[in-house]
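In: Build the 3D model from these lines:
(one chain, ligands or ions: 2)
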Amino acid sequence: MPGELAVDESLSTSSDVINSGDSDSGVLAAVFHDARRGIEFCRFPRPEVQVGETLVRIHCCTLCGSDLHTISGRRTERSPSILGHEILGVVEDVSDAPVLDLQGNAIRRGDRVTWAICVSCRECDRCQAGLPQKCRELRKYGHALAEGRFALSGGLAEAVLLRSNTAIIKVPVGLPDLVACPANCATATVMAAFNAIGSVEGKRVLLLGAGLLGLTAAAVAQTRGAAAITASDPLTERVRLAEKFGADGKIDCSEFDVVMDFSGSVDAIEAAVKVAGVGAKIVLVGAVMKCDDIRLNPEQVIRKCWQIFGIHNYAPVDLMDAICFLRDHHHTYPFADLVSEEFPLQEIDKAIRYADAKRPIRVAVRPETCDERN
Ligand SMILES: [Zn+2]
Ligand SMILES: [Zn+2]
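Out: Ligands and ions are numbered 1, 2, ... in the order given. Alright, predicted model coming up:
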């Protein structure tokens, strides 16, 4: 709730911050304190890269729903922090010891890159078990305290310092900034869901929620040969938009083989479970805030041989799939139209007000220092 978050006043007196004015030195960042105090601008010293690290000049950051929930106080994160995790930028500096991208190529200055939100140790039991996003030493971009060497870890800033072990991917030439920007949250999470459930070829797919994840899922389901794709959303314009991403115009299935929830709505999930057929795969992705329990009849689960999947974040391979999917299909589906407005970083408050009022799929925030645009 607004006002209940602990306010860490240390930032304003910390040596991490060189000033909060409009000096040319350092890196400008929008620092979120709490729902009441909001966002204040600070300048941080430009970090020197150490072994395995990469300094990226941010080109754009799209505001994800979770950022907006944090800013409004509906979701609690540690603060002060630099929010924004759907980030794309250009490598400004990289350690002399080579840093490799997900394909094993050396990262160089000038590369246009994005990277996985989660940084994992790659060694603990969870990493070894294929859940690097649940690593016991997990670090996340856009969700960390703005302090210490890695203060610059969020997208609402001019630069971000990538830790060693970050799963970095070079963004293909021809894939526009604003299409690729949400890949490391929305698109990669959708890919994690599809990679978890296996083939959807010939399957009837029900999608709950036609925001960026649901729209992306419709497109993925279509490209993977789903027999029927139904998108459900309280906003009729979003249901219509889903048709441009591969969803069928009308609901003519009485039951479904795959039910994917991106809405987080308990009511929607309960209603959808009633139309899950024998052998259905039920995939829960959207409920990432506190929510009520759902009623699920265990006899139904057993007799219908349902499988239930919980998908939270993703592994690096899913990010690779996300970028490849967007590279191959961004001309087929209107992903470029989903970022409805761009704001300079200095007008972050305006961007947030716009996002709250208009509820677009995404808005983008770009530092004014970003001069090359793709
Ligand atoms: Zn996100
Ligand atoms: Zn680990």
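
In: right, is stretch 135-148 up against ligand 1?
Out: No. Counting by C-beta under 5 Å from the ion, no contacts exist between stretch 135-148 and ligand 1, the nearest distance being 7.7 Å. C-beta: built from backbone N, CA, C; applies to glycine.

In: Can you give the contact residues for that stretch?
Out: 8, 10-11, 14, 16, 29, 31, 42, 44, 67, 77-85, 87, 115, 117-122, 124-127, 150-155, 160, 163 (C-beta atoms under 8 Å, 6 or more residues apart in numbering).

In: Report the entries of the residues you listed that also contact ligand 2.
Out: Near ligand 2, judged by C-beta under 5 Å from the ion, the entries from the contacts of stretch 135-148 are 120, 121, 124, 127.

In: Can you tell me, leaving aside adjacent residues, what's nearest to the residue nearest the centre of the chain?
Out: By C-alpha atoms, centre = their mean, the chain has its centre lying nearest to residue 185, at 1.9 Å. In space, and not counting its chain neighbours, residue 185 is closest to residue 86: 4.7 Å by C-beta to C-beta, 6 or more residues apart in numbering.

In: can you check residue 194 too?
Out: Closest residue in space to residue 194, ignoring its immediate chain neighbours: residue 220 at 5.5 Å, by C-beta to C-beta, 6+ apart.

In: Report the next helix or strand after the lengthiest helix in the chain in sequence order.
Out: As assigned by DSSP state H, the longest helix anywhere in the chain is helix 316-329. The first helix or strand that comes after helix 316-329 along the chain, using DSSP states H and E, is strand 339-344.

In: List the pairing partners of that next one within its sheet, with orientation.
Out: Partners of strand 339-344 in the sheet, by DSSP bridges, are strand 362-366 (parallel).

In: How about the partner strand and ligand 1, touching?
Out: No. Judged by C-beta under 5 Å from the ion, strand 362-366 stays clear of ligand 1, getting no closer than 10.3 Å.

In: Going by neighbour count, list what's buried in that strand.
Out: 362, 363, 364, 365, 366 (16 or more other C-beta atoms under 10 Å).

In: for stretch 133-142, same thing?
Out: Residues 133, 134, 135, 138, 139, 140, 141, 142 are the ones in stretch 133-142 that count as buried (16+ other C-beta under 10 Å).

In: Under a three-state scheme, what state does the spatially closest residue to the first one that is not a sequence neighbour occupy?
Out: It refers to residue 133. Once flanking residues are discounted, residue 133 sits nearest to residue 313: 3.8 Å by C-beta to C-beta, 6+ apart. Secondary structure, DSSP: H, G, I helix; E, B strand; the rest coil: residue 313 is coil.

In: Identify the residues contacting residue 313.
Out: For residue 313, the contacting residues are 117, 118, 133, 189, 192, by C-beta under 8 Å, 6+ apart.

In: Quick check: phi and psi at the residue nearest to the last one when sequence neighbours are not counted.
Out: So the one you mean is residue 192. Residue nearest to residue 192 in three dimensions, not counting chain neighbours: residue 314, with 3.7 Å by C-beta to C-beta, 6+ apart. Residue 314 adopts backbone torsions of phi -170, psi 170, taken as degrees, to the nearest 10.

In: Do I have it right that residue 314 meets residue 194?
Out: No. The criterion here is C-beta atoms under 8 Å, and residue 314 misses it with residue 194 at 10.6 Å.

In: which element follows the helix or strand encompassing residue 195 toward the C-terminus?
Out: Assigned by DSSP H and E, residue 195 belongs to helix 186-197. Heading C-terminal from helix 186-197, the first helix or strand you meet, by DSSP H and E, is strand 204-208.

In: Packing partners of that following strand?
Out: helix 212-223, strand 228-232, strand 256-261, helix 266-273 (3 or more C-beta pairs under 8 Å, 6 or more residues apart in numbering; DSSP states H and E).

In: Output these in a markdown table; the columns should cover mean neighbour count and distance to residue 287.
Out: Listed next are the helices and strands packed on strand 204-208 as a markdown table, based on neighbours: other C-beta atoms under 10 Å; distance: least, C-beta to C-beta, whole Å:
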| stretch | mean neighbour count | distance to residue 287 |
| --- | --- | --- |
| helix 212-223 | 26 | 12 |
| strand 228-232 | 24 | 15 |
| strand 256-261 | 26 | 7 |
| helix 266-273 | 17 | 8 |
